[in-house]
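> Predicted model and sequence follow; I will ask about them next.
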Amino acid sequence: MMTRLEAAGPTLLPGSESPAALAVAGLTKAFVGRVVLDNFDIKVKRGEIHALLGQNGSGKSTFIKCLAGVYRADAGSISVAGMALPKAFPPNAARKFGLGFVHQDLGLALDMTIADNLGLVRGFHTAGPFVRQREQARSAREILDFVGVKATPQTLVRDLPVTARTLLAIGRAVDLQDSSNLNCLVLDEPTASLPDTDAHLLFDAVRQLSSLGVAVIYVSHRLEEIERLADNVTVLRDGRKIATHQVANTTRAQLVEEILGETSGGPRGRTATTRALDLIAPPEKRALRAENISGVRVANVSFAVEPGEIVGVAGLAGSGRSELCRLLFGAQRLTGGRVWIGDTPVEDPTPAKSIRAGVAYIPEDRRGQACLMTMTVRENIMLLRSPIRRGLIDRRRDRQVASDAIDQFDVRPRDPEALVASLSGGNQQKVMLAKWFGLQPSVIVLDEPVQGVDVGAKAQVFEYLRAAASAGAAVLVVDSDFDNLTDVCDRVLIIRQGELVGEVDGDSIDTSEITRATFGVSAVADHVAAANCRTGYSNV
Amino acid sequence: MVLIVVFSILAPQTFATFGNATTILSTQSVLALLALSALCTLVVGQFDLSLGAQLGLAQVILPGVLSRQEVDLVVGILVAVACTTLVGLLNGLLVAKLKLDSFIVTLGVATILSAVVLWYTDSQTIFQNVPASLVEISTTELWGIPMPIIYLAILTVIVWLVLERTAFGRRMEAVGGSQNAARLSGIDTDRVTVIAFMMGGALAGMAGVLQSSQVGSGNPALGPEFLLPAFAAAFLGATSFRVGRFNVWGTIIAVLTVATGVAGLNLLGVPQWVNPLFNGTALLVAVTATRFLRGAGTTT
């Protein structure tokens, strides 16, 4: 564990009586009666690196948004360097209070130069109305040196590698002339999009900041980073603070248990399929097989999904789980390996070829990539199978098939002419199922099929998946809520940093097992491997 | 409809006559065709700002080849329409394959076309040696209905069938709705976009043919001023029939509504500046209304 000796740099005010860089007490926030942040306390000293851990929906983002002035907390207080913040303030005021943020999307203007990107946030050096280019370049160079990016101030941000962009975003949040200006910097999953080999560059920059006396709140899912970098760690679960530890005095296993909570029970019973849906039975039973496939964020992945099987893919955000789906369907370029549908390989897969081979893919981004929001339910369902008679769409059959599908998949309202944009998330997803299942696919790939879907519709979506599987389809499901995978899957593949690292199946499927494996807690991973050897998968 | 009633009351002697009705329809047939042309690219989510210039090109090429090369009328029409279809192909390839912004691409192409027109005509109106047969295709009547109205009716039905009754039309709408979703549904979005531009080009060419036949000559200055009213009609059309979406019948009604408004205002003897004011306002109102009618939830 690293010590924070460098934190006692020259700029750090001595003495324990100096107030904490950030002190939050009793912070509470509820949305429509649901408490998402409950009486949250955190205290971060100057120069401290404090990690924040928790599952999706644990309240981390809500906390950050309250700090940034995006949300107004219902109760509680925030004080920065001893100064209490007002109850409500606009997001652009956060910087004035000495709070800096580097969000996951970085917020850089890609088509502007480094110097201009810095100027946009920190203000330009001007002479009258004109920007003093040389001054601007000089201060930009200072920041680039500070964060260790080798580029000229005139470089376009677009031409920088991702790592350099992240470092630049950090540098932008810091004011070198007056570092006391920045009290606390919040980094939201800064390594999520970084190549592993570059993470240490980011760590160096963060350590340098802390040595200047800046408090750093570091949000990450990656436990090994927290071990390497942070002094203290706070775990959030269900909107509540579970514990704060010194990183040196804790273990990964302990943290994982705290992230999960005691409530994560054993395997849940998989309900039997109650309805056989003739419409979704594929004409041929074909397996999905990936053979060493690689692409952006995915390396050398091999696995197979047999007909009648529902296989889950579990991984953290940025692990390559969505990219894996896109590669299988040909939505993203395959740089290596091969996808097989049954006995035929799909050469250079594209969506059109995959659909012809019998693959259906429902992407995560329902509004942008799955549904045609401005078109009607009927047009969405019938897009890929317009009934043609004498060269024209047979409108009677078009309507008939669409309303049959609406009945079968229980889309509400039962109006084929309703715009998809007017439907709830659950019903939009049912429209997508109706659209794709209508093609009778042999292989079905779904990315976050129940995200933003209410409980009732969720159960229905899973029922349709089970029905499709029992009718002979091979189904692959990505879901960040591992409870869902536990509910619906026969076995679950674990993906970490673009590689398949394990598999949980048979009796050992349970949420905490999956979570441990995705975090890479080694003891458990071994255990999982052992379980694999013991049970071995048998076809349904 | 409201406009017709209003102007009928305000100017009963001149407005509500059969003669006036057919005049409005046949003088607006060129604009209506161009509006249908604009519709083809708007449906796939692109702008073709070179449609006016394409119309201009076709309406000088037709009298040009008829008088200079003395080709057959049918051949002349085919040549003119082929030229604008090729321009559509060029636009489509630039937009779909090179992923350029259609707005800028077609603005550039429009400017080049105006240069081509000036070069081809030597900046002179082409009217000498133009055969009478050219004018005849516009001036004849069938069962008392001027031919331009009949051409318009036929083409409108064809465009309507393609856009709303074929699988290809569905795919065009899907591409316009979301390129991503369309691509992930296995639709060749590039091909659909290119064909949409070519359809738009062909229709703009036909509008040019009709224009030159109505006056019997080719005027190098003509074309671009049709662009704005055509787009206004397409946007205004999205506020009726299939609300919130570009559609054929709404567009045709919009052309007639705006024309009726302008004609009515003219008959009332309002000053000249009222016309562009009316057109511009109609466009802004239409765009605003379309935006709201498309409904909440479609913007993120």
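Alright, I've got the coordinates.
> residues contacting residue 202?
Defaulting to chain A. Listed by C-beta atoms under 8 Å, 6 or more residues apart in numbering or on different chains, the contact set of residue A:202 reads A:163, A:166, A:167, A:170, A:190, A:191, A:194. For the C-beta atoms, the positions are set from N, CA and C on the backbone; glycine is no exception.
> try chain B instead
Residue B:202 neighbours (C-beta under 8 Å, 6+ apart): B:37, B:81, B:84, B:85, B:88.
> distance of it from chain A?
19 Å (C-beta to the nearest C-beta, to the nearest Å).
> host element of that residue?
Using DSSP states H and E, residue B:202 sits in helix B:189-215.
> tell me the mean pLDDT for that helix?
Mean pLDDT, helix B:189-215: 94.
> Buried residues, it. List them.
If you call a residue buried by 16 or more other C-beta atoms under 10 Å in any protein chain shown, then helix B:189-215 has these buried ones: B:189-190, B:192-215.
> gap between the closest residue to residue A:399 other than its chain neighbours and chain B?
By the measure of C-beta to C-beta, 6 or more residues apart in numbering or on different chains, the closest residue to residue A:399 outside its immediate chain neighbours is residue A:416, 6.2 Å from it. Using C-beta to the nearest C-beta, residue A:416 is found at 14 Å from chain B.
> What is the neighbour count of residue A:416?
Residues near residue A:416, counting by other C-beta atoms under 10 Å in any protein chain shown, number 21.
> Confirm that it lies within a strand, as I assumed.
No: using DSSP: H, G, I helix; E, B strand; the rest coil, the secondary structure at residue A:416 is coil, not a strand.
> Return the distance of residue A:283 relative to residue A:467.
Distance, residue A:283 to residue A:467, by C-beta to C-beta, to the nearest Å: 16 Å.
> Over to residue A:357?
For residue A:357, the distance to residue A:467 - C-beta to C-beta - is 22 Å.
> I'd guessed residue B:52 sits against residue B:111; true?
No: when contacts are counted by C-beta atoms under 8 Å, residue B:52 is not listed as touching residue B:111 (11.3 Å).
> immediately after the helix holding residue B:202, which helix or strand?
helix B:227-237.
> Does the helix or strand following that following helix pack against any helices or strands, and if so which?
Proceeding N to C from helix B:227-237, the next assigned helix or strand is helix B:248-267, under DSSP H and E. Where contact means 3 or more C-beta pairs under 8 Å, 6 or more residues apart in numbering or on different chains; DSSP states H and E, helix B:248-267 is packed against helix B:2-10, helix B:18-27, helix B:29-43, helix B:147-165, helix B:227-237, helix B:274-293.
> Measure how the last one sits relative to helix B:248-267, angle-wise.
When axes from the mean of the first three to the mean of the last three C-alpha atoms, to 10 degrees is applied, the directions of helix B:274-293 and helix B:248-267 differ by 150 degrees.
> For residue B:166, give me its contacts.
Contacts for residue B:166 (C-beta under 8 Å, 6+ apart) come out as A:386, A:388, A:391, A:392, A:393.
> Just the pLDDT for it.
The model reports residue B:166 with a pLDDT of 91.
> got it, and the one 10 residues further on?
pLDDT recorded at residue B:176 is 91.
> Name the nearest residue to it, ignoring sequence neighbours.
Closest residue to residue B:176 apart from its sequence neighbours, by C-beta to C-beta, 6+ apart: residue B:45 at 3.9 Å.
> how many other residues sit next to that neighbour?
19.
> List the residues that contact it.
Per C-beta under 8 Å, 6+ apart, neighbours of residue B:45: B:175, B:176, B:177, B:179.
> secondary structure element for it?
Here residue B:45 is assigned to no helix or strand, by DSSP H and E.
> gap between it and residue A:385?
Separation of residue B:45 from residue A:385 (C-beta to C-beta): 23 Å.
> cool, residue A:367 as well?
From residue A:367 to residue A:385 the distance is 23 Å (C-beta to C-beta).
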